[in-house]
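In: Below is the sequence, then the predicted model.
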Amino acid sequence: MQGTVDGFSYGVVTPLVAYLMACLGGALGLRCTTRAMLVAHSWRPAWLALGSAAIGSGIWTMHFVAMMGFSVKETPIHYDKPLTYTSLGLAIVMVGVGIFIVGYRGATGTALFTGGTITGLGIASMHYLGMAGLRLNGTLEYNTLTVAVSVVIGVVAATSALWAAGQVRGFLWSVGASLVMGLAVSGMHYTGMAALTVHLHSAGVTSPGDSPASLLAPMLIGPLAFLCLAAVVVIFDPLMVTGKPDRLRVEHKPGVPADEVTHHPGRRPQVRVGRQQSHHSARTPQNR
């Protein structure tokens, strides 16, 4: 027997809030990744780690906010908490691998392709591992082609986001990139949900269970608190908004002294000669 699946039990509320969560996590992660590319190596891992956790938490929160509107008419739904939290850790780790690759290799060429692919696979893995945590009186089956489309959407979304993190500097441009990323991540989620069918076990008496919202809300408190904390860090760092290079921090590179004078084209070099040296050079041997 096939179950009656409803992914919009609360109407447009859950898709809209889920989209905003994806945008928030994407915006924070992109700004942290951008900031990491503007500082010295000593601070870069911290910013990249914060960006990874922000994107991973935002995507995970988006997924389970959307799942609040998911129900199967014939059976109550429960969630396996260890597996659900494992999906959060998986998202953060795999997104982190992709972000660190781009953060140290640059958002171009092979590094961008590799980092985007790993990050996208992390997003898809989080989604389907989170779905594996569902407990109901039935089994979940997926359409292979639709699942493949959802994975491709996740990889393209992640690659585009990492490219934006390496190229976009202005605050408004980053906001626009996060809106597109949120749309892509939400599209990946609902494409994956469209691939789902639920086959119920033998019919029996089903006791009414708690609503998905009451089950998931307590689990979302931690990631939401972290996103708020990450937002505070971003807001109080002025370079996160301006996107300008940090001139106070000089990244030492081989062959480039930290105090090297910057030469401007079109400007005549100024040669400063000390007064005492000029005075001695002006004296003739007869005057000594």
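Out: Great, that's in hand. Numbers count the residues shown, from 1 in each chain.

In: Show the pLDDT at the residue nearest to G51 when sequence neighbours are not counted.
Out: Leaving aside its chain neighbours, G51 sits nearest to C32 (3.2 Å; criterion: CB to CB, 6 or more residues apart in numbering). Every C-beta, even on glycine, is put in place using the N, C-alpha and C of the backbone. pLDDT, C32: 86.

In: List the contacts of C32.
Out: Residues in contact with C32 (CB atoms under 8 Å, 6 or more residues apart in numbering) are W47, L48, L50, G51, A54, A230, V234, M240.

In: mind checking which helix or strand it is in?
Out: Element membership for C32 (DSSP states H and E) is helix 13-36.

In: Check the spacing between the spatially most central residue of the chain and L28 real quick.
Out: With distances taken as CA atoms, centre = their mean, the residue of the chain nearest its centroid is I55 (2.7 Å). Applying CB to CB, to the nearest Å, the value for I55 to L28 is 8 Å.

In: can you check L196 too?
Out: L196 is 29 Å from L28, by CB to CB.

In: Ok, L112 next?
Out: Computed with CB to CB, the distance linking L112 and L28 is 20 Å.

In: helices and strands around whichever strand or helix holds P45, which ones?
Out: In this assignment (DSSP H and E), P45 forms part of helix 44-67. Contact here means 3 or more CB pairs under 8 Å, 6 or more residues apart in numbering; DSSP states H and E; on that basis helix 44-67 packs against helix 13-36, helix 81-105, helix 109-132, helix 171-194, helix 212-235.

In: what comes up buried for it?
Out: 44, 47-67 (16 or more other CB atoms under 10 Å).

In: got the angle for that helix vs helix 212-235?
Out: For helix 44-67 against helix 212-235, the angle by axes from the mean of the first three to the mean of the last three CA atoms, to 10 degrees is 150 degrees.

In: Show me what the helix or strand following helix 44-67 is packed up against.
Out: Later in the chain than helix 44-67, the nearest helix or strand by DSSP H and E is strand 71-72. Strand 71-72 is packed against strand 5-6, with contacts defined by 3+ CB pairs under 8 Å, 6+ apart.

In: Looking at L112 and L28, which is more packed in?
Out: Using other CB atoms under 10 Å as the criterion, L112 and L28 rank with L28 on top: 27 against 21.

In: residues in contact with that one?
Out: Contacts of L28 (CB under 8 Å, 6+ apart): G51, A54, I55, G58, L227, A230, A231, V234.

In: model confidence over stretch 71-80, on average?
Out: Mean predicted lDDT for stretch 71-80 stands at 89.

In: What's the end-to-end length of it?
Out: 16 Å (CA to CA, to the nearest Å).

In: what does stretch 34-49 give?
Out: Note: stretch 34-49 ends 12 Å apart using CA to CA.

In: Could you give the number of residues near the spatially closest residue to A107 that is not a sequence neighbour?
Out: In space, and not counting its chain neighbours, A107 is closest to G166: 2.3 Å by CB to CB, 6+ apart. Burial of G166 is recorded as 20 neighbouring residues (other CB under 10 Å).

In: Much appreciated, bye for now.
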